[in-house]
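Asks: Here is a sequence together with a model predicted from it:
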Amino acid sequence: MISRRSFVSKSALALAGFSISKNSSPVNISQNINSLPIVISTWNHGLPANEAAWEILSKGGNSLDAVEAGVRIPEADPKVITVGYGGIPDSGGKVTLDACIMDEKGRAGSVACLENIKHPISVARLVMEKTPHVMLTGKGALQFALDNGFEKENLLTPQMKKPGRSGKRKKAFNTKINIENQVLENHDTIGMLAIDRDGRISGACTTSGMGYKMPGRVGDSPIIGAGLFVDGEVGGAAATGSGELVMKTLGSFLVVELMRNGMSPTEACEEAVHRIAKKIPNYQQHQVGFIALNKSGEYGSYCIQPGFNFAVKTENKTVLEDAETWIKKL
Ligand code: SD4
């Protein structure tokens, strides 16, 4: 049965000239809901990240350059302890980074378990642009970065070395993972989606991953289709939260496919969260949040439990919005 919100939204889309398809042909986008350009990104560190992206978008620049420049802001900021430099280490005390990037042509690049490089997103972009591959990991990714002029840096900040943190390290990650209200700092990957003035959509996702994770663990963030997916004909989606849940449901790809078949961004994100709730036992002990942006500039988001917000920037709007949540419905 179709919900009222879904019906209203689909009717509005139909009136706005969208063709709503139940098969896999792309949504026909004939009108912009938000003015372009537009950029959206996860969590409150998305606000300064969006500003950096906007610098490029507002001058008519490419969304690919914009998302890279945008997410480099939290990557370089030691106060953001879940992305890049200053990120929470793994249980062995090492900061290992995951990132990926994708453009409207379906090109994609990714790095996983990368150490000692402050801007994994820029390495991911080079993987996309300079290699025949999509993903490089660990030592190979580091070597590739060094070969391309990146410098080796110590990413473990004094704050992350403090003795008070060793207790947390011992607990590691073995029981329940990323329970938002128990491990407060254990979230905050940045996922960013942008459409430039020419209608090109790109996305980027970068993280130090789950805090105190097992050495070698890779989450959803560098996995194309899980942490991020972009289809130039439809839109894009990005995920944050417990990566394992997103990987098991290929969340971002799912959101984009649902939009292709006529759902609004919010409805698509809700359905992806619903899929997790249906398939994954104990999902209530986790947080997962999705953001999505369709080609028309319409955006939306949805998460498992309260607490997830995302930043939006357009010509007329600079806001942090709370995502709709699933748990309140139980
Ligand atoms: C991961 N999804 O490594 C990342 C962590 C994260 O909000 O986004 N937390 O599983």
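Replies: Arrived safely, thanks for sending.

Asks: Return the set of residues that bridge with Thr206.
Replies: Ala99, Ile190 (DSSP bridges).

Asks: name the helices or strands packed onto the helix or strand containing Ala272?
Replies: Secondary structure from DSSP states H and E places Ala272 in helix 265-279. Judged by 3 or more Cβ pairs under 8 Å, 6 or more residues apart in numbering; DSSP states H and E, helix 265-279 is in contact with helix 4-15, strand 235-241, helix 243-249, helix 251-260, strand 288-294, strand 299-303. Backbone N, C-alpha and C define where each C-beta goes, glycine included.

Asks: just so I know, which of these lies nearest Ile101?
Replies: Nearest to Ile101, of all the helices and strands packed on helix 265-279, is strand 235-241, at 11.0 Å by Cβ to Cβ.

Asks: Low-confidence ranges, the stretch 51-200 of the chain, go.
Replies: Along the stretch 51-200 of the chain, the parts satisfying pLDDT under 70 run over 162-187.

Asks: residue in the stretch 51-200 of the chain nearest to the ligand?
Replies: Closest residue of the stretch 51-200 of the chain to the ligand, Cβ to the nearest ligand atom: Thr189 (3.0 Å).

Asks: you'd agree that residue is up against Val83?
Replies: Yes - counting by Cβ atoms under 8 Å, Thr189 does reach Val83; the two are 6.7 Å apart.

Asks: Find the residues that touch each one of those two.
Replies: Taking Cβ atoms under 8 Å, 6 or more residues apart in numbering as the criterion, Thr189 and Val83 both touch Thr206, Thr207.

Asks: Just the element for the closest residue to Gly92 other than its chain neighbours, please.
Replies: Nearest in space to Gly92, with sequence neighbours left out and distances taken as Cβ to Cβ, 6 or more residues apart in numbering, is Pro215 at 4.5 Å. Under the criterion DSSP H and E, no helix or strand holds Pro215.

Asks: hang on, isn't Pro215 packed against Gly93?
Replies: No - with contact defined as Cβ under 8 Å, Pro215 does not count as touching Gly93 (9.3 Å).

Asks: before we move on, back to that, what does the helix holding Ala272 contact?
Replies: 5-6, 9, 235, 237, 245-246, 248-249, 251, 254-256, 258-259, 263, 283, 288, 290-294, 298-304, 323-324, 326.

Asks: out of these, which are buried?
Replies: 6, 9, 235, 237, 245-246, 249, 251, 254-256, 258-259, 263, 283, 288, 290-294, 298-304, 323-324, 326 (16 or more other Cβ atoms under 10 Å).

Asks: what phi and what psi does the backbone show at Ile101?
Replies: Here is the backbone geometry of Ile101 (degrees, to the nearest 10): phi -140, psi 150.

Asks: That one against Val111, yeah?
Replies: No - Ile101 is beyond contact range of Val111, at 9.7 Å (criterion: Cβ under 8 Å).

Asks: Counting neighbours, go ahead and name the busier of these two.
Replies: Between Ile101 and Val111, Ile101 has the larger neighbour count (other Cβ atoms under 10 Å), namely 33 against 30.

Asks: show me the contacts for that one.
Replies: Counting by Cβ under 8 Å, 6+ apart, Ile101 makes contact with 64, 67-68, 108-110, 121, 124-125, 128, 202-205, 228.

Asks: If you rank those residues by neighbours, which is first?
Replies: Tallying neighbours with other Cβ under 10 Å puts Val67 at the head of those, with 38 neighbours.

Asks: For the ligand, tell me whether the helix or strand containing it is touching it.
Replies: Counting by DSSP H and E, the element that carries Val67 is helix 63-76. No - using Cβ under 6 Å from any ligand atom, helix 63-76 never reaches the ligand; the gap is at least 12.0 Å.
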